[in-house]
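Enquirer: need coordinates for the following:
(chains A and B)
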Number of protein chains: 2
Amino acid sequence: METTVKNKQVILRNYVKGIPKESDLMIVTASDPVELKVKPGSAAVMVKNLYLSCDPYMGILMREPTPSTLALLDAFIPGKPIAGIGVSQVIDSDDPSFTKGDMIWGIVNWEEYSTINPAGIFKIDVNVNVPLSYYTGILGMIGLTAYAGFYEICSPKKGETCVCLCGFCAGSKQKVDLLLKKFGYDDAFNYKEEPDLDSALKRCFPKGIDIYFENVGGKMLDAVLLNMKPYGRIAVCGMISQYHLETRDRLQNLPDIIFKKIRMQGFAVYDFIDRFPKFLEFVLPYIKEEKLTYVEDIVEGLENGPAALVGLLHGQTLVSKFSRLLESEEIYHVSCMDM
Amino acid sequence: METTVKNKQVILRNYVKGIPKESDLMIVTASDPVELKVKPGSAAVMVKNLYLSCDPYMGILMREPTPSTLALLDAFIPGKPIAGIGVSQVIDSDDPSFTKGDMIWGIVNWEEYSTINPAGIFKIDVNVNVPLSYYTGILGMIGLTAYAGFYEICSPKKGETCVCLCGFCAGSKQKVDLLLKKFGYDDAFNYKEEPDLDSALKRCFPKGIDIYFENVGGKMLDAVLLNMKPYGRIAVCGMISQYHLETRDRLQNLPDIIFKKIRMQGFAVYDFIDRFPKFLEFVLPYIKEEKLTYVEDIVEGLENGPAALVGLLHGQTLVSKFSRLLESEEIYHVSCMDM
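Expert: Residues are numbered from 1 along each chain as shown, chains lettered A, B, ... in the order given. Next comes the predicted model:
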């Protein structure tokens, strides 16, 4: 067996301005071959990356960092590989908790082989019979984000109306069709074509909205604020429509936060990592019993990664990760996600 | 003793557009004389109003109501008296809890004599030796707003930096002088003259802001968001700079709510009425021991009320109610209020 390999990587050329373009990233092969072993005493783990996740927050990390964005995560470094959630197989390990052949998920660089600190990775139980790629989404950080945001930030009560608007997810007719046909929603609209978002929300939620899972921001948030019910909660997970705008949307309805005593709470999933085991216990039965519909959009090959990521940020991806809990005892109107 | 009197009132002419003007209000004397007795069996209380409070939220209630503002409070009715917090003396009572001569505070119409439902009024303990007018402010709804917003909404922790920006309060040199000289602040700025609010905040709070008591909104909120620390809390009590604008300020920094995991919570004091006895216990010792500096701006005569209220909404009032807790064991940087 060969002990050194070439390592293909996806590199950030320079800090990005505006919406990221494919040319902001480049595929390179690292000049030095990589030895497929970790240094003894390093406590590191070497992995081969199998699945890499495209997520909107990565667009923020491609921009020059500011004190604000640094409060979330370190930015990517020009000339270095970008990073994100991945599913990987252990090739060598100097940490006794991991053995060659183990499957893990966690933050890895966009490259074929990574040497990582095992503090930030999770071992995958391969006896749980689900696709490995699910750990980049519904069974990983994305699922935990939805779970923590909904159950811990939004404090849902039985009978409440909950809306989770997808980043760019309902930004095309195809996606609206998917919502209606595959996920069985009663109604859906394409927010890029809807002339009046307020009317669209009033049509879909005539009694108003108790809980809003915010991924979009801007004009969409403005329309939602107008349709929130008193004492509503907004879990603020992302504002994908706003990150790359030079001039952000003007909101007319922020004072509704006062009028309706609304709680708007920003959160990041890394503050809820300790809930991960509880979350898995919660979500796995739904998947096994097929009560959770989950759709993935997968492209093959690291060299196709930049187009996939940029496509997501431009709203061209059909679904990135998209799920709907088909049955819920607790909540009236559940919720799609596109993180 | 006369048993009927003429009742002077301050009437809203029509729903207001833009910032309220004095001409939006008018002084009238009700055509029918008022009998200074309540109807037996009515369970009502008749009072003579002694002090009436001017507060920014009253500007909202002068506008045509929307579903959003109705979630806060009913609007004033054109052709009828406006209403607000007042201190009054009981003239007659059909409720056994109140006796002629009692002092009370609560919501009353802007008029000389009001017949009210005693459910919404509080008896004043006149043995507590403080000016009666304090119950329109520091010892009433205003003080309770500050107390509940700060202690219950903001969850302050020892050592944190807390900023409470006054509505129009530091919108003049006189007010800045008052902050520096009377209240002993280390620094203060006039937000209407400061060319760069972000720099002004960085100068005053180089380590950032943990807690912000929001009364201003718009550009000020935008600058504060940029200077909030991770996991900061914003109690959203008012956005006085925005209520009367046709086009509200554009915010560039709303995504900071995500980056910094900020909690922004709208609230209204009426949800905290049950804390009132606890609040009085808390605040009275500070007043008696002169650890709380409190300044009032009082004009005399109901006929001068419209000018006072409109002056407040235009930022011309020197102070409406303004206090600073001079000593606090818990919090590093305390806070002025102008509700």
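Enquirer: would you map the helices across the stretch 151-300 of chain A?
Expert: A:173-177, A:197-204, A:218-227, A:256-259, A:276-288 (DSSP state H, counting those that start in this stretch).
Enquirer: let me see the backbone angles for the nearest residue to residue A:252 once chain neighbours are set aside.
Expert: Leaving aside its chain neighbours, residue A:252 sits nearest to residue B:248 (5.3 Å; criterion: C-beta to C-beta, 6 or more residues apart in numbering or on different chains). Backbone N, C-alpha and C define where each C-beta goes, glycine included. With angles defined as degrees, to the nearest 10, residue B:248 sits at phi -80, psi 160.
Enquirer: returning to that earlier point: what's the closest of the helices of the stretch 151-300 of chain A to chain B?
Expert: helix A:256-259 (4.0 Å; C-beta to the nearest C-beta).
Enquirer: and the closest one with chain B, contact?
Expert: Yes: counting by C-beta under 8 Å from any C-beta of the partner chain, chain B has neighbours in helix A:256-259: A:256-259.
Enquirer: want to throw these into a markdown table with neighbour count and pLDDT?
Expert: Converted to a markdown table, those look like this (neighbours: other C-beta atoms under 10 Å in any protein chain shown; pLDDT from 0 to 100):
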| residue | neighbour count | pLDDT |
| --- | --- | --- |
| A:256 | 27 | 98 |
| A:257 | 25 | 98 |
| A:258 | 27 | 97 |
| A:259 | 24 | 98 |
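Enquirer: quick one: which of those residues is nearest to residue A:14?
Expert: Within the residues of helix A:256-259 next to chain B, distances to residue A:14 taken as C-beta to C-beta reach their minimum at residue A:257, with 37.7 Å.
Enquirer: tell me the contacts of the closest one?
Expert: Residues counted as contacts of residue A:257 (C-beta atoms under 8 Å, 6 or more residues apart in numbering or on different chains) are A:225, A:264, B:236, B:264-266.
Enquirer: need the pLDDT of the residue lying closest to residue A:128 once chain neighbours are set aside.
Expert: What sits nearest to residue A:128 in space, not counting adjacent residues and going by C-beta to C-beta, 6+ apart, is residue A:284, at 6.5 Å. As summarised for this prediction, residue A:284 has a pLDDT of 94.
Enquirer: so what's the residue count around residue A:284?
Expert: By other C-beta atoms under 10 Å in any protein chain shown, 15 other residues sit near residue A:284.
Enquirer: residues from the stretch 51-200 of chain A in reach of chain B?
Expert: Residues of the stretch 51-200 of chain A lying near chain B by C-beta under 8 Å from any C-beta: A:60, A:68-69, A:71-72.
Enquirer: now stretch A:56-69: how far from the chain's centre is it?
Expert: Distance of stretch A:56-69 from the chain centroid (C-alpha atoms, centre = their mean, to the nearest Å) equals 15 Å.
Enquirer: list the buried residues of it.
Expert: In terms of neighbour count (16 or more other C-beta atoms under 10 Å in any protein chain shown), stretch A:56-69 has its buried residues at A:56-63, A:65, A:68-69.
Enquirer: give me the contacts around it.
Expert: Defining contact as C-beta under 8 Å, 6+ apart, one finds that stretch A:56-69 is touched by A:12, A:15-17, A:19-20, A:24, A:72-76, A:82, A:84, A:167, A:215, A:238, A:240, A:243-244, A:309, A:312-313, A:339, B:226, B:253, B:255-256, B:259-260.
Enquirer: convert the C-alpha atoms of that stretch to CSV, please.
Expert: The C-alpha coordinates for stretch A:56-69 follow below in CSV (Å, rounded to 0.1, in the frame of the first residue of the first chain):
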residue,chain,number,x,y,z
PRO,A,56,-24.4,29.3,3.8
TYR,A,57,-22.3,30.4,6.8
MET,A,58,-19.3,29.4,4.7
GLY,A,59,-20.0,32.5,2.5
ILE,A,60,-19.4,34.7,5.6
LEU,A,61,-16.1,33.0,6.3
MET,A,62,-14.9,33.7,2.7
ARG,A,63,-15.0,37.5,3.5
GLU,A,64,-12.5,39.6,5.2
PRO,A,65,-13.1,39.0,8.9
THR,A,66,-14.6,41.8,11.1
PRO,A,67,-14.8,41.9,14.9
SER,A,68,-18.4,40.9,14.4
THR,A,69,-17.8,37.8,12.3
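Enquirer: buried subset of the contacts of stretch A:56-69?
Expert: Judged by neighbour count, with 16+ other C-beta under 10 Å as the criterion, the buried members of the contacts of stretch A:56-69 are A:12, A:16, A:20, A:24, A:72-73, A:75-76, A:82, A:84, A:167, A:215, A:238, A:240, A:243-244, A:309, A:312-313, A:339, B:226, B:253, B:255-256, B:259-260.
Enquirer: looking at stretch A:46-60 now, give me its mean pLDDT.
Expert: 94.
Enquirer: cool, stretch A:13-27 as well?
Expert: Average pLDDT, stretch A:13-27: 96.
Enquirer: how about it and chain B, any contact?
Expert: No: applying C-beta under 8 Å from any C-beta, one finds that stretch A:13-27 is not in contact with chain B, the shortest distance being 14.9 Å.
Enquirer: need the contact partners of that stretch.
Expert: Under C-beta under 8 Å, 6+ apart, the answer for stretch A:13-27 is A:8-12, A:59, A:62-64, A:75, A:78-79, A:82, A:244, A:246, A:302-303, A:305-307, A:309-310, A:313-314.
Enquirer: what packs against the longest strand seen in chain A?
Expert: With residue count as the measure and DSSP state E as the assignment, chain A has strand A:83-93 as its longest strand. Other helices and strands packing on strand A:83-93, by 3 or more C-beta pairs under 8 Å, 6 or more residues apart in numbering or on different chains; DSSP states H and E, are strand A:45-52, strand A:103-109, strand A:113-116.
Enquirer: 7 Å instead?
Expert: Contact here means 3 or more C-beta pairs under 7 Å, 6 or more residues apart in numbering or on different chains; DSSP states H and E; on that basis strand A:83-93 packs against strand A:45-52, strand A:103-109.
Enquirer: how about these, which one is nearest residue A:194?
Expert: The closest approach between residue A:194 and any of those, judged by C-beta to C-beta, belongs to strand A:45-52 at 33.0 Å.
Enquirer: and the closest one, what's buried?
Expert: Under 16+ other C-beta under 10 Å, the buried positions of strand A:45-52 are A:45-47, A:49-52.
Enquirer: also stretch A:264-279?
Expert: Across stretch A:264-279, burial judged by 16+ other C-beta under 10 Å covers A:264-269, A:272, A:275-276, A:279.
Enquirer: what's the span of it, first residue to last?
Expert: In stretch A:264-279, first residue to last residue: 23 Å (C-alpha to C-alpha, to the nearest Å).
Enquirer: lovely, talk soon.
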